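>>> Pasting the sequence and the predicted model now:
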Amino acid sequence: MLSLVVVDHPLVQHKLTLMRQKHTDSATFRMLLGEIALLLAYELTRELKTEPIAIETPIAPMQAPVLAGEPPALISILRAGNGLLEGVLKLIPTAAVGHVGLYRDPQTLEPVQYYFKVPAKLDQRAVLVVDPMLATGHSAIAAVTRLKEKGARDLRFLCLLSAPEGIAAFQAAHPDVPIVTAAIDERLNDHGYIVPGLGDAGDRMYGTR
């Protein structure tokens, strides 16, 4: 898989434009995020391993592919990652689910962990990490580092929006982990927000600002 994949599908870009608009309400924002997640998940899961099994169609027996090994693990970086998580789960309902709770220190912009609970056997699963924004990259880097410490080896990272600074930092820390994103925006502002971006994804999802 390429180290960076930008999904420029027309439906993804159309829905993203609706999400960016400041007057889009929380209910619509959440709905669109779930729909985009489902579309992005096709690219995220493109290289999952398969194995053949014997089946019978109404016409004839055949060897047909199914997902190999343990079901994938979906890891949401709280809280905004849950918006992507629900969409990806529609595509992979058998996936195991984990959560990493991180918040960004407003002064240093560094991540602070407050929660970590993930599935067993990470070393035997494809591990798909989801968070809508790859801004500074600090939270994504911290989450993936912890998952590697728990044994994860086959990792991918999915985000809605990314900034060049976040991509550079993430790839420097985890060059083996592909990034799938819907868009690369211009830059970060002085507060670590993506420009033009769409604001704080968690606040817009849950109406907390």
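Perfect, I can see it now.
>>> pLDDT score for Met1?
Here, the pLDDT recorded for Met1 equals 66.
>>> Which neighbouring elements make contact with the biggest helix by length in the chain?
Ranked by residue count under DSSP state H, the longest helix found in the chain is helix 26-44. Using 3 or more Cβ pairs under 8 Å, 6 or more residues apart in numbering; DSSP states H and E as the contact criterion, the secondary-structure elements in contact with helix 26-44 are helix 10-20, helix 81-91, strand 154-162, strand 179-184, helix 201-206. Placement of C-beta: from N, CA and C, glycine included.
>>> let's see it at 10 Å
Counting by 3 or more Cβ pairs under 10 Å, 6 or more residues apart in numbering; DSSP states H and E, the packing neighbours recorded for helix 26-44 are strand 4-6, helix 10-20, helix 81-91, strand 126-130, strand 154-162, strand 179-184, helix 201-206.
>>> Could you give the average pLDDT over stretch 101-121?
If you average the pLDDT over stretch 101-121, you get 86.
>>> Can you give me the buried ones in it?
For stretch 101-121, burial by neighbour count (16 or more other Cβ atoms under 10 Å) applies to 101-102, 111, 116, 118-119.
>>> Check these against Val12 and report the nearest one.
Sorting the buried residues of stretch 101-121 by how near they are to Val12, with Cβ to Cβ, puts Leu102 at the top with 25.7 Å.
>>> I figured the closest one was touching Thr136, is that so?
No - using Cβ atoms under 10 Å as the test, Leu102 is too far from Thr136 to be in contact (11.8 Å).
>>> what residues are shared contacts of those two?
Counting by Cβ atoms under 10 Å, 6 or more residues apart in numbering, the shared contacts of Leu102 and Thr136 are 110-111.
>>> before we move on, the earlier item: pLDDT averaged over the longest helix of the chain, what's the number?
If you average the per-residue pLDDT over helix 26-44, you get 94.
>>> Can you list the buried residues in it?
Under 16+ other Cβ under 10 Å, the buried positions of helix 26-44 are 29-41, 43-44.
>>> Over to stretch 91-99?
For stretch 91-99, using 16+ other Cβ under 10 Å, the buried residues are 92, 95-99.
>>> Tell me how far Tyr206 lies from Ser26.
6 Å (Cβ to Cβ, to the nearest Å).
>>> Then Gly202?
Counting by Cβ to Cβ - Gly202 and Ser26 are separated by 11 Å.
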